[in-house]
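> I need the structure of the sequence given here:
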Amino acid sequence: MRAVGATLKRLPPNPRQIKRFDNAFRLQLYVATGGGSTKLAFDEPKLRALGKWVVLRLRWPALAGEIEDDQNILMFLEELANGEPPVIDEDSDPRFLRVVNDWRDHEALHDLLRDDDAASWVGQLPLDEFIQIT
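Predicted coordinates for the structure are as follows:
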């Protein structure tokens, strides 16, 4: 699967990490298809987005937890990584401001989230329907 192959490049070249990714990706696919009420399309862009979400969860679980609490963090970081500098409202939630300021210059994260196809952005996924893997 081309979507998975492209995503695996974002992991450290460690067999254990690759195995963890494989297990987590398969589990998320199983959960997404198990109930019949999923909003996940199984086209290449959505599978690539799912792969990026799994990588993000494995590499930066604390950030993934923050995103689960506030998906605006993900939207901000994806826009930033894709050259669409978002405007920060200084009246925003202090937690949101802290998280985006901590991660706004993280090159490896930007590399993961950078994608010319907006349909492949992680923020397009129904993250609230997925299980949380750490």
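> Tell me the secondary structure at the residue of the chain positioned farthest from its centre.
In terms of distance from the mean C-alpha position of the chain, D91 ranks first, at 25.7 Å (CA atoms, centre = their mean). Secondary structure assignment for D91 (DSSP: H, G, I helix; E, B strand; the rest coil): coil.
> and D111, how many neighbours?
Residues near D111, counting by other CB atoms under 10 Å, number 11. (Each C-beta comes from the backbone N, C-alpha and C, glycine too.)
> ok, L77 touching R104?
Yes - with contact defined as CB atoms under 8 Å, L77 reaches R104; the gap is 7.3 Å.
> Where does pLDDT dip in the protein?
The chain contains residues with pLDDT under 70 at 1, 3, 34-41, 130-134.
> okay, which residue is most central for it?
W53 (2.9 Å).
> Helix or strand: which one has that residue?
Assigned by DSSP states H and E, W53 falls within helix 44-59.
> before we move on, what about F25?
Using DSSP H and E, F25 falls in helix 15-34.
> Can you list the buried residues in that helix?
The neighbour-count check on helix 15-34 (16 or more other CB atoms under 10 Å) flags 20-21, 24-25, 28-29, 32 as buried.
> between it and helix 44-59, how many degrees?
In terms of direction (axes from the mean of the first three to the mean of the last three CA atoms, to 10 degrees), helix 15-34 departs from helix 44-59 by 130 degrees.
> CA-only coordinates of helix 15-34, as PDB, when you get a sec.
The C-alpha trace of helix 15-34 is given here as PDB (Å, rounded to 0.1, in the frame of the first residue of the first chain):
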ATOM      1  CA  PRO A  15      12.300  -2.500  13.400                       C
ATOM      2  CA  ARG A  16      10.400  -2.200  16.700                       C
ATOM      3  CA  GLN A  17       8.900   1.200  15.700                       C
ATOM      4  CA  ILE A  18       7.900  -0.200  12.300                       C
ATOM      5  CA  LYS A  19       6.200  -3.200  14.000                       C
ATOM      6  CA  ARG A  20       4.400  -0.800  16.400                       C
ATOM      7  CA  PHE A  21       3.300   1.300  13.500                       C
ATOM      8  CA  ASP A  22       2.000  -1.700  11.600                       C
ATOM      9  CA  ASN A  23       0.000  -3.000  14.600                       C
ATOM     10  CA  ALA A  24      -1.400   0.400  15.400                       C
ATOM     11  CA  PHE A  25      -2.300   1.200  11.800                       C
ATOM     12  CA  ARG A  26      -4.100  -2.200  11.400                       C
ATOM     13  CA  LEU A  27      -5.900  -1.700  14.700                       C
ATOM     14  CA  GLN A  28      -7.100   1.700  13.700                       C
ATOM     15  CA  LEU A  29      -8.300   0.400  10.400                       C
ATOM     16  CA  TYR A  30     -10.100  -2.500  12.100                       C
ATOM     17  CA  VAL A  31     -11.800   0.000  14.500                       C
ATOM     18  CA  ALA A  32     -12.700   2.300  11.700                       C
ATOM     19  CA  THR A  33     -14.500  -0.500   9.800                       C
ATOM     20  CA  GLY A  34     -15.900  -2.400  12.700                       C
END
